[in-house]
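Novice: Here you go, sequence then predicted model.
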Amino acid sequence: MTKPSATGQPTHSGKQRSSFSGKMGYVLAVAGSAVGLGNIWRFPYLAAKYGGGIFLLIYLLLMLTFGYALIISETALGRMTKKSPVGAFHSFGKSLPFHFGGWVNAVIPMLIVPYYCVIGGWVAKYLFEYVKGSAAVLAEDSYFSNFISSGASAEFWLIVFSLAVFLVIIAGVKQGVERVSKIMMPVLVILAIFVSLYSVTRPGAMEGVKYLLVPNLDNFSWMTVVTAMGQMFYSLSIAMGILYTYGSYLKKEVDIEKSTSQVELFDTAIAILAGLMIIPAVFAFSGGSPDTLQAGPSLMFITIPKVFAHMEMGDGFGILFFLLVLFAALTSAISLMETGVSTFEDQFGWSRKKCSLLMAAIILVLGSASALGFSSLDFISLLGMSILDFFDFLTNSIMMPLAALATCFLITRVAGLDAIAKEVEQSSAFRRKKLYYFFMKYLAPVFLGIILISSIANAFGWISM
Ligand code: PFF
């Protein structure tokens, strides 16, 4: 392994590796990747369904321990090797387990980004309709199902959203990814604070605030833990090659531990704010009826427009809310696509443009399949799921735990925990080193095995999550 310079070392193809300009750019770009549909669309519906305050408490505990250890691991491996996941694993060996470990991490974002862009397209369409003044139409019962089964319209919005992502990627790491994150993330925070303040001050909303923030042991179940663990992976962009890739663009002087804490803080703050935007609004609207709280994935696209339609200034609230979701989805989709592009650059030595075009083609083909899976391709059912749901299941429930297990294996059996500690210590003291060692050695493999088995059991209907 060669020692990388602060400006990046030549890649496979002899080009200089891109890098972030400094700590701020890095933290905002990683936070941009982490804060996405997972925070605003997924976290509130899971928190609503799995017990409110108790779900939040377990989520926080897992994030500060297990999540923290995994983020540090991936970032340090990326920075140490200056490579995206395949190259990072290959730096330690070329036999089958290394190929598997690298590629499973690298392929995940390539499979996620197409369906993520489909949902991003739905968000763009909702924003467009709110701006047009069609709030009442969006609140109609069958609007969402009619829209997603409309084929051409869903495909059109997929293309619009993907094109925006593509243009940022083509612009490069500093000019594109970093610049967009630096603008969008602060705007996102301001919008989130504003919208949640509005929501919690509606009459009847306080019950919702209590439900989200105060843990109630009666609401605890084993599935609360399993779901919180899965959500942590999803939300923090762990086990999908992203943190390897962004770590590889990170300069040696940046404090990995501190940036990790900042990213976690940022990501969790936005998730809690999203919970505060949605759950109190649902309580104000329905008095917290169990049916509404259990709405699941459709909470944002079906329930929320109905809630807005009953609120004063609901139309303006709708515009701000979907603008916020769009920003969050864009920065995350950018990080997913960037990871794919970076893998192709490293492995094939092609130009950034060529790699971006290949990723765009993958998005278009797989994304169209997911988008049309609710219309012309609705006869296709994979394990009883639509194409979009199947990609979500395959990546999140099967591949991500495997990818994280591969990272644990690489660190504990090959690279050594001390090598990671040394990498972290290049810029500062490793303050939570003991905790890190304990988690990587003992708890991470057990936790990962539990997620994998429970998710599979859930998908096949053996247990119900
Ligand atoms: N962490 C981001 C989010 O919460 O939306 C992006 C993301 C990446 C989500 C990968 C999900 C995923 F599988």
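Specialist: Right, received. Where do you want to start?

Novice: contacts, neighbours, all on C-alpha from now
Specialist: OK.

Novice: And the residue of the stretch 351-465 of the chain closest to the ligand?
Specialist: Proximity of the stretch 351-465 of the chain to the ligand (Cα to the nearest ligand atom) peaks at Asn396, 5.8 Å away.

Novice: What separation is there between the residue nearest to that residue when sequence neighbours are not counted and Ala34?
Specialist: Nearest non-adjacent residue to Asn396, counting by Cα to Cα, 6 or more residues apart in numbering: Tyr234, 7.3 Å away. For Tyr234, the distance to Ala34 equals 8 Å [Cα to Cα, to the nearest Å].

Novice: What strand or helix carries the residue of the stretch 201-350 of the chain found nearest the ligand?
Specialist: Here the stretch 201-350 of the chain gets closest to the ligand at one residue, Ser235, 3.6 Å apart by Cα to the nearest ligand atom. Using DSSP states H and E, Ser235 sits within helix 222-236.

Novice: same question for that helix, mean pLDDT?
Specialist: Across helix 222-236, the average pLDDT comes to 86.

Novice: pLDDT weak spots in the protein?
Specialist: The model of the chain has pLDDT under 70 over residues 1-22, 464-465.

Novice: Show me what from it comes close to the ligand.
Specialist: 33-39, 112, 234-237, 332, 396 (Cα under 6 Å from any ligand atom).

Novice: at 8 Å what do you get?
Specialist: 33-40, 42, 108-109, 112-113, 116, 233-238, 240, 328-329, 332-333, 335-336, 392, 395-396 (Cα under 8 Å from any ligand atom).

Novice: coming back round to it: so for Tyr234 and Ala34, which sits in the more crowded spot?
Specialist: For the pair Tyr234 and Ala34, the greater number of neighbours falls to Ala34 (29 against 22), based on other Cα atoms under 10 Å.

Novice: Just confirm the more buried one contacts Asp267, I think it does.
Specialist: Yes - at 6.2 Å, Ala34 and Asp267 qualify as touching, with contact defined as Cα atoms under 8 Å.

Novice: Identify the contacts common to those two.
Specialist: Shared contacts of Ala34 and Asp267 (Cα atoms under 8 Å, 6 or more residues apart in numbering): Ser235, Leu236.

Novice: Now do the phi/psi pair for Met385.
Specialist: phi -120, psi 160 (degrees, to the nearest 10).

Novice: What is the neighbour count of it?
Specialist: Using other Cα under 10 Å, Met385 is surrounded by 15 other residues.

Novice: Can you give the contact residues for stretch 134-154?
Specialist: By Cα under 8 Å, 6+ apart, the list of residues contacting stretch 134-154 from outside reads 118, 121-122, 126, 129, 301-303, 305-306, 309, 315, 318, 371-372, 374-376.

Novice: now the strands for the stretch 1-150 of the chain?
Specialist: Shown for the stretch 1-150 of the chain, no strands are assigned by DSSP state E, counting those that start in this stretch.

Novice: Now do the helices in it.
Specialist: In the stretch 1-150 of the chain, the segments counted as helices under DSSP state H, counting those that start in this stretch are 23-34, 37, 43-49, 53-62, 68-81, 85-90, 96-132, 135-138, 143-148.

Novice: any chance of the ones you listed in a markdown table, plus distance to Tyr244?
Specialist: Converted to a markdown table, those look like this (distance: least, Cα to Cα, whole Å):
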| stretch | distance to Tyr244 |
| --- | --- |
| helix 23-34 | 11 |
| helix 37 | 21 |
| helix 43-49 | 24 |
| helix 53-62 | 21 |
| helix 68-81 | 4 |
| helix 85-90 | 6 |
| helix 96-132 | 9 |
| helix 135-138 | 40 |
| helix 143-148 | 34 |
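
Novice: Contact partners for the nearest residue to His90 once chain neighbours are set aside?
Specialist: Nearest residue to His90, sequence neighbours excluded (Cα to Cα, 6+ apart): Phe98, at 6.2 Å. Phe98 makes contact with Phe89, His90, Phe92 under the criterion Cα under 8 Å, 6+ apart.

Novice: Now do the last one against the ligand, distance only.
Specialist: Just to be clear, that refers to Phe92. 26 Å (Cα to the nearest ligand atom, to the nearest Å).

Novice: what's that residue sitting at in phi/psi?
Specialist: Per-residue torsions, Phe92: phi -110, psi -10 (degrees, to the nearest 10).

Novice: shouldn't it be in contact with Ile411?
Specialist: No - the criterion here is Cα under 8 Å, and Phe92 misses it with Ile411 at 10.1 Å.

Novice: Neighbour count: those two, which is higher?
Specialist: A direct count of neighbours by other Cα under 10 Å for Phe92 and Ile411 places Ile411 higher, at 20 against 14.

Novice: The more buried one contacts Leu417, doesn't it?
Specialist: Yes - contact criterion Cα under 8 Å: Ile411 and Leu417 qualify, at 5.9 Å.

Novice: related to what we said a few turns ago, so which of the helices of the stretch 1-150 of the chain comes closest to Leu405?
Specialist: helix 96-132 (8.5 Å; Cα to Cα).
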